[in-house]
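In: Quick one: sequence plus predicted model below, questions after.
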Amino acid sequence: PTFRRLRGKVLQRFPKARFHTYSAVDDDNAREGGRIAYGEPLVPVYDYASAKVIVSLASDFLGTGPGAVAAGARFASRRRLASPAAQMSRLYVVESNYTITGSMADHRTRMRQADVVRFTQALVDQLSSLGVTKLTPIANKLRQRSGGIDTTGIDAKFLSALAEDLVSSGGQSIVVPGAGQPPLVHAMAAAINEALGQAAKTYHLSPNLDPNDEPSRKSIAELAKEIDQVATLIMVGGNPVYDAPSDVKFAALLGREGLTSVHVATHRNETSELSSWHAPLTHELEAWGDQVSLDGAISFQQPLVAPLYGGMSGIELLAKIAGEKTTKDRDLVRETQAEGLDAHTKGLLTVGFPADYTSAEQLWRGALHAGLFKGPPSEAKSTLVDSIVNAVAASPSPKPAAKDSVEVSFEPDLALWDGSHANNLWALELPQPMTKIVWDNAALISPATSRALGVKNGQMLRLTKGEAKVEVPAWIVPGHADACV
């Protein structure tokens with residue numbers, strides 16, 4: 001919240017300034033799916049403890065998904081039988097890579113990431129045929145498109161059993177789309193969840209955290225287009241030279257004559273080496289800050305040590321650029337939360353709490369002690385069926401991939417994430433849960449694909465697309481989908 005507030009202050013002082021946000025791992029598809037389904041970029045937060053039937057559409061919610069720790073605890077609570085009469089939840093997983101979530105599945109089918117779109121459309125159609133009438137307009141539009149609903153390669157028995165289980169769950173079910181799935185899959189999953197009657201039972205919508213935030217890849221592509229008009233580029237954290245999309249050619253952008261680039265980061269990295277200036281950024285353990293969780297609660301980041309290298313935090317940097325009188329991160333966070341604390345104080349006084357215990361100072365100290373400050377619950381919203389129908393009409397009907405094609409998907413690593421923790425030797429030594437690989441990356445392939453390519457474990461593969469290429473050792477994984485890496 002403080003960063004967003006100060007971003008507005010900077011733009012007030014420098015109207016020609018532009019902010020761009022980029023992360024190699026993002027929730028762009030989920031946010032855009034929320035925009036289609038609800039009219040604004042809202043993301044569902046699921047309660048796995050309340051669901052009898054859970055369907056993962058290529059979502060590793062127990063591994064790399066957002067809130068995986070909380071999701072694991074809630075999922076486990078429904079699998080731990082407290083009495084002979086207790087009912088265990090049932091998990092269906094559709095995925096290409098063999099994930100932690102897939103390993104916990106009661107029923108699992110493997111398919112390429114691109115085929116999950118066709119599976120989701122077939123699921124909508126199947127549920128509509130079983131009497132879920134709220135999905136009928138979407139199913140009708142799917143069938144009316146050229147090519148209709150192509151179910152080639154989809155296990156009909158698996159699909160039928162899954163759909164019947166969802167309908168018979170009595171509204172206690174969740175369909176969870178993966179971050180790598182296109183926005184339309186997220187929108188259709190939202191429609192399925194509401195149509196089956198789970199709204200406010202097994203999920204709620206997160207607040208719209210940043211209405212002005214653009215999709216990550218779109219934002220960095222726009223920066224690349226505008227770079228000739230940029231005189232000064234200030235980068236706060238990150239390492240775009242390392243992890244920006246290859247077609248952006250970020251390293252070449254920094255080499256443009258006349259551009260002054262400043263990289264403010266906790267470590268010197270590839271981006272620092274190519275920047276005009278490097279300045280130290282405080283580590284999260286050295287700085288104050290605030291964050292908003294998916295359920296709307298505000299968490300306070302408090303330093304454990306003073307800055308070791310004289311750095312400043314991102315919000316302190318923005319405050320100085322904006323010309324603010326207050327430039328200490330603790331005071332900046334307090335200013336941001338003042339309005340919420342005052343509103344909370346008035347609410348407590350209204351219901352009879354004594355003034356001595358409801359002052360802004362008391363609530364601030366209490367929030368710091370608790371580590372968080374509860375915000376108002378998000379309002380329930382209904383899916384916009386017409387919007388989803390229009391999105392279906394505007395999208396081409398997906399077809400099965402050609403037999404000789406190979407799909408490539410990039411997944412975050414549990415320890416190294418997008419590679420930003422590759423300098424952490426302990427993280428490099430942490431075995432990948434499913435393959436047990438340490439100290440290296442690998443191209444995961446199925447046994448059938450390895451035989452088709454004549455590849456053995458550890459043999460180097462070269463993956464190319466246009467001018468981009470990467471060489472990586474192959475690793476054969478049982479349960480992996482065929483014809484995908």
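Out: All right, it came through fine. Residues are numbered from 1 along each chain as shown.

In: Who are the contact partners of the closest residue to Asp26 other than its chain neighbours?
Out: The shortest distance from Asp26 to any non-neighbouring residue, by C-beta to C-beta, 6 or more residues apart in numbering, is to Ser216 (4.0 Å). C-beta: built from backbone N, CA, C; applies to glycine. Listed by C-beta atoms under 8 Å, 6 or more residues apart in numbering, the contact partners of Ser216 are 21-23, 26, 28.

In: Could you measure from the closest residue to Gly102 other than its chain neighbours over to Gly178?
Out: Distance criterion C-beta to C-beta, 6+ apart; nearest residue to Gly102, sequence neighbours excluded, is Val93 at 4.7 Å. Distance, Val93 to Gly178, using C-beta to C-beta, to the nearest Å: 10 Å.

In: now do Ile476
Out: 23 Å.

In: Count residues in the vicinity of the residue nearest to Gly102, would you?
Out: Val93: 26 surrounding residues under other C-beta atoms under 10 Å.

In: Please apply the same query to Ala86.
Out: If we define neighbours as other C-beta under 10 Å, then Ala86 has 9 of them.

In: so which strand or helix has it?
Out: Using DSSP states H and E, Ala86 is not contained in any helix or strand.

In: wait, what's in contact with it?
Out: Applying C-beta under 8 Å, 6+ apart to Ala86 gives no contacts.

In: so how far is Gln337 from it?
Out: Going from Ala86 to Gln337 by C-beta to C-beta gives 42 Å.

In: Equivalent analysis for Asn424, please.
Out: 32 Å.

In: ok, the two, which is more surrounded?
Out: Relative neighbour count places Gln337 above the other of Asn424 and Gln337, with 21 against 12, counting by other C-beta under 10 Å.

In: so which helix or strand takes in the more buried one?
Out: Counting by DSSP H and E, Gln337 is found in helix 329-350.

In: Mind checking the pLDDT average for that helix?
Out: In this model, helix 329-350 carries a mean pLDDT of 73.

In: need the contact list for the closest residue to Arg13 other than its chain neighbours.
Out: Nearest non-adjacent residue to Arg13, counting by C-beta to C-beta, 6+ apart: Ala322, 5.4 Å away. By C-beta under 8 Å, 6+ apart, the contact set of Ala322 is 6, 9-10, 12-13.

In: do Ile234 as well
Out: Contacts for Ile234 (C-beta under 8 Å, 6+ apart) come out as 261-262, 264, 317, 321.

In: Would you mind finding the longest strand in the protein?
Out: strand 468-476 (DSSP state E).

In: Direction included, what does that one pair against?
Out: strand 443-445 (parallel), strand 460-465 (antiparallel) (DSSP bridges).

In: Could you check which of Ile476 and Gly178 has the larger neighbour count?
Out: Taking other C-beta under 10 Å, Ile476 and Gly178 do not tie; Gly178 has more neighbours (26 against 20).

In: And for stretch 69-78, what's in contact with it?
Out: With C-beta under 8 Å, 6+ apart, stretch 69-78 has contacts from 46-49, 51, 54, 61-62, 65, 88-89, 91, 104.

In: let me redo that: stretch 222-229
Out: Counting by C-beta under 8 Å, 6+ apart, stretch 222-229 makes contact with 18, 20, 214, 230, 233, 248-250, 253, 256, 259, all of which sit outside it.

In: Which residues are in contact with the closest residue to Leu254 other than its chain neighbours?
Out: Nearest in space to Leu254, with sequence neighbours left out and distances taken as C-beta to C-beta, 6+ apart, is Leu274 at 4.5 Å. Residues in contact with Leu274 (C-beta under 8 Å, 6+ apart) are 241, 251, 254-255, 261.

In: Could you do Leu414 as well?
Out: Contacts of Leu414 (C-beta under 8 Å, 6+ apart): 63-64, 430, 432-433.

In: Helices of the stretch 51-200 of the chain, residue ranges please.
Out: With DSSP state H, counting those that start in this stretch as the criterion, the stretch 51-200 of the chain has helices at 68-79, 100-103, 115-129, 136-144, 156-168, 183-195.

In: Likewise for the stretch 301-450 of the chain?
Out: Going by DSSP H, counting those that start in this stretch, the stretch 301-450 of the chain shows helices at 314-322, 329-350, 360-370, 385-394, 425-428, 447-453.

In: For Ala189, which of those is the nearest?
Out: helix 385-394 (10.5 Å; C-beta to C-beta).

In: Tell me the buried residues in the closest one?
Out: Buried residues in helix 385-394, counted by 16 or more other C-beta atoms under 10 Å: 385, 387-389, 391-392.

In: repeat for stretch 274-291
Out: Residues 274-275, 278-283, 286-290 are the ones in stretch 274-291 that count as buried (16+ other C-beta under 10 Å).

In: same deal with stretch 166-176?
Out: For stretch 166-176, a neighbour-count test (16+ other C-beta under 10 Å) marks 166-167, 169, 171-176 as buried.

In: what separates it from the chain centre, distance-wise?
Out: Its chain's average C-alpha position is 23 Å from that of stretch 166-176, according to C-alpha atoms, centre = their mean, to the nearest Å.

In: For that stretch, give me every contacting residue.
Out: Counting by C-beta under 8 Å, 6+ apart, 46-48, 50-57, 59, 61, 65, 123, 127, 130-132, 165, 189, 192-193, 196-198, 201-203 sit against stretch 166-176.

In: So which of those sit within strands?
Out: Per DSSP E, those map to strands at 46, 53-57, 203.

In: which of those lies closest to Lys465?
Out: Nearest to Lys465 among these: Leu57, at 25.3 Å, using C-beta to C-beta.

In: Spatially nearest residue to that closest one (excluding sequence neighbours)?
Out: Nearest non-adjacent residue to Leu57, counting by C-beta to C-beta, 6+ apart: Pro177, 4.6 Å away.

In: Surely that neighbour touches Ala187?
Out: No. At 9.0 Å, Pro177 does not count as touching Ala187 under the criterion of C-beta atoms under 8 Å.

In: Need the residues touching each of those two.
Out: Common neighbours of Pro177 and Ala187 (C-beta under 8 Å, 6+ apart) are Gly33.

In: low-scoring pLDDT stretches of the stretch 301-450 of the chain, where are they?
Out: Low-confidence segments of the stretch 301-450 of the chain (pLDDT under 70): 340-359, 375-377.

In: No more questions from me, cheers.
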